[in-house]
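S.K.: here is the input, now give the coordinates:
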Amino acid sequence: MTNRARILVVEDERITAEDLRDILTQSGYEVTAAVANGEEALRRAELDRPDLVLMDIRIEGKLDGLETARLLRQRLDIPVVYLTAHADDETLAAAKLSEPLAYIVKPFQEPELHATIEVALHKVATEKEARLRQRLLEQTLSAMETAVITLDRDGRISLMNAAAERWTGWRLSSASGRPFEEVSRLLDAQGNLLDGLILRTLDNGTMSELPAGAILSGSSGQERRVSGSLSPILDHEGRPRGAVMALEPISEEPEEERGSGAPRPAAKPELGGFEMVVESPLMRQVVNFARRVAASEVSTILLEGESGTGKDVLAKFLHYHSTRTAEPFLAINCAAIPETLLESELFGYEKGAFTDARSQKRGILELASGGTVFLDEIGDLPLALQAKLLRVLEEQKFRRLGGVKDIEVDLRVVTATNRNLREAIEQGRFRLDLFYRLNVIQLTVPSLRERTEDILPLAAHFLRLFAQRFKRDIRGLSPAAESAMLQHVWPGNVRELRNTIERAVVLEESAWIQPESLGITRAHEAPVSAAPAPLGLPTRPATPSLEGMSLEEVEKAMLVSALDKTAWNQTQAAKLLDITRDTLRYKMKKYSLKHQKGG
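M.R.: Numbers count the residues shown, from 1 in each chain. Coordinates of the predicted model:
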């Protein structure tokens, strides 16, 4: 049952009103008042706003129940459930005009009343959540300096910010609901339509980058060169429900100076010494979109991806490329700290809040005010703390443990997870409203096997780092070591690669890293044995032989093996491969993998 919902009763029969008060109170609701006329109902609602109004249609006074309900909706946005003995067609038709949540006919049974109220309150909460998501998206778009256009599942425009209105020559009020191609056109450098780019993002739920030399054509025929990205908007079940298009102008400078439109190098000493190695086109798309998001004032960003892919590094990138770069960046791993300690670490505590609280302590949320907080492994945050975090995100305020005063903060909150939050929502382990609040902007960090172009540059970077730290004269990787690294699957992603290079720098006795020092073997020389599986899951498939196979062929073979072992159950296959179900579905589409029934 909804926790202590507040209800105003409007009923001119005193005995019925008192009966309702008793029934509602015994059912766990709070009755704010029981009044007999519409004028008093409006006055009470303004003074002490309820969550719901139980309204008799025919009440005494100048305002009947229908008019009172209409004014409550119009002025205060308070929903109404009608409760009346009059159920004729004429009364029902008139009642529908005020958009009530439900209609209960007297005499009623208590279970019927209780069920109707619960359904009505659930509908109110759902509508409020939808309005909140819409408002968050509008705030995000208006805050971004780049031109931003959002599209629904059918490719129709739902929102545009001011920059997009200027560039396209359309007002949002006129463009809303129209297909994008009616409002503007995206062209490649040769003038060909790029409509396939939008369709791919909407169909596959994958991020796309505009090709170099892309052109945005407005309603007046004006054309401007742009760079940009299309990022999918996913619902809590992981299905594309639209897309966000972020576009930036490209200055008309000489071709040799302009280059290919690739993202600016991430490694800049002036950015707090922050360094990021990016070579692959796939990762460049992610970084390019992240740079645009970082420059905005959007307050929440969700990073998803497998363990070890570098979500923490991308979180720092977002901070150091934002206007908050001079303010603190503080990170905490929600899975590494017990629940009782995690609450005090996040929110702080007052002196005397608990036995060992001998002095006041400020929490991370307070210390990071003005800057960025990175909450890693957000999927492991306990439910009790999820509710408190939701308030911080919505109101930018909280109370220390044992405190009575609200503390206001100015935070950008970046969260990360390698768990499937959509499954956690279905299992009741993660709040749906918190998911939508975190998922204002979503970035998925690809695995290292999806961006093999980054393997050797990352290895060279870590080699220089550890050679300097351990004072070793190591010049680089031998050709054989490079080959071994390119053929390795890297289930631990960048974290595994970093640890591998650290080990090799310590153990290598020559000037060039040899394969033996890496501690990795080719799959066709030493197949990986299947690890014990969790209860209820099949064993992990052995890594297939790599001899004579391309990387894509190996990946496809592993997918088919996992799907076969789980009878093509996508959820179990994803767990077996230690990837999200969304990633699995994308890979299945990429390789056109379909279950042949009866085969």
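
S.K.: ok, now which ones touch Tyr586?
M.R.: Asn204, Gly205, Thr206 (C-beta atoms under 8 Å, 6 or more residues apart in numbering). Yep, even glycine has a C-beta here, placed from its N, CA and C like the rest.

S.K.: secondary structure element for it?
M.R.: Using DSSP states H and E, Tyr586 sits in helix 581-590.

S.K.: for that helix, which positions count as buried?
M.R.: The neighbour-count check on helix 581-590 (16 or more other C-beta atoms under 10 Å) flags Arg581, Asp582, Thr583, Leu584, Arg585, Tyr586, Lys587, Met588 as buried.

S.K.: from the contacts of Tyr586, keep the buried residues only.
M.R.: Using 16+ other C-beta under 10 Å as the burial test, these include Gly205, Thr206 as buried.

S.K.: what's the closest of the contacts of Tyr586 to Lys594?
M.R.: Lys594 lies nearest to Asn204 out of these, by C-beta to C-beta, at 15.2 Å.

S.K.: thinking again about what came up before, just put the buried residues of helix 581-590 in JSON lines and tack on distance to Gly228.
M.R.: What follows is the buried residues of helix 581-590, written out as JSON lines (distance: C-beta to C-beta, whole Å):
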{"residue": "Arg581", "distance to Gly228": "29"}
{"residue": "Asp582", "distance to Gly228": "23"}
{"residue": "Thr583", "distance to Gly228": "24"}
{"residue": "Leu584", "distance to Gly228": "28"}
{"residue": "Arg585", "distance to Gly228": "25"}
{"residue": "Tyr586", "distance to Gly228": "21"}
{"residue": "Lys587", "distance to Gly228": "26"}
{"residue": "Met588", "distance to Gly228": "28"}
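
S.K.: reformat those residues as TSV; add distance to Glu377 and pLDDT.
M.R.: Converted to TSV, the buried residues of helix 581-590 look like this (distance: C-beta to C-beta, whole Å; pLDDT from 0 to 100):
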residue	distance to Glu377	pLDDT
Arg581	18	77
Asp582	18	72
Thr583	18	78
Leu584	21	82
Arg585	23	79
Tyr586	22	74
Lys587	24	82
Met588	27	85
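
S.K.: what is the nearest of those to Asp410?
M.R.: Of all the buried residues of helix 581-590, Asp410 sits closest to Asp582, with 32.4 Å by C-beta to C-beta.

S.K.: chain neighbours aside, what residue packs nearest to the closest one?
M.R.: Gly238 (4.5 Å; C-beta to C-beta, 6 or more residues apart in numbering).

S.K.: next: Glu377.
M.R.: Per C-beta to C-beta, 6+ apart, closest to Glu377 is Ala335, 3.9 Å.

S.K.: what's the helix or strand for that neighbour?
M.R.: Applying DSSP H and E, one finds Ala335 in no helix or strand.

S.K.: can you read off the backbone torsions of it?
M.R.: Ala335 adopts backbone torsions of phi -90, psi -10, taken as degrees, to the nearest 10.

S.K.: which residues touch it?
M.R.: Counting by C-beta under 8 Å, 6+ apart, Ala335 touches Asp376, Glu377, Asp380.

S.K.: which one of those is nearest Leu448?
M.R.: Of the contacts of Ala335, the one sitting nearest to Leu448 (C-beta to C-beta) turns out to be Asp376, at 18.4 Å.

S.K.: where does this protein have low pLDDT?
M.R.: 1-3, 86-103, 129-145, 236, 251-275, 521-551, 596-599 (pLDDT under 70).

S.K.: and it, what are its domains?
M.R.: 6-133, 144-258, 281-444, 448-518, 530-599 (automatic domain parsing).

S.K.: so who does the residue nearest the centre of the chain touch?
M.R.: By C-alpha atoms, centre = their mean, the chain has its centre lying nearest to Asn439, at 2.3 Å. By C-beta under 8 Å, 6+ apart, Asn439 lies in contact with Leu234, Thr300, Leu302.

S.K.: distance to Ala331, neighbour count and secondary structure added to those, as TSV?
M.R.: Formatted as TSV, the contacts of Asn439 follow (distance: C-beta to C-beta, whole Å; neighbours: other C-beta atoms under 10 Å; DSSP: H, G, I helix; E, B strand; the rest coil):
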residue	distance to Ala331	neighbour count	secondary structure
Leu234	25	19	strand
Thr300	15	18	strand
Leu302	15	22	strand
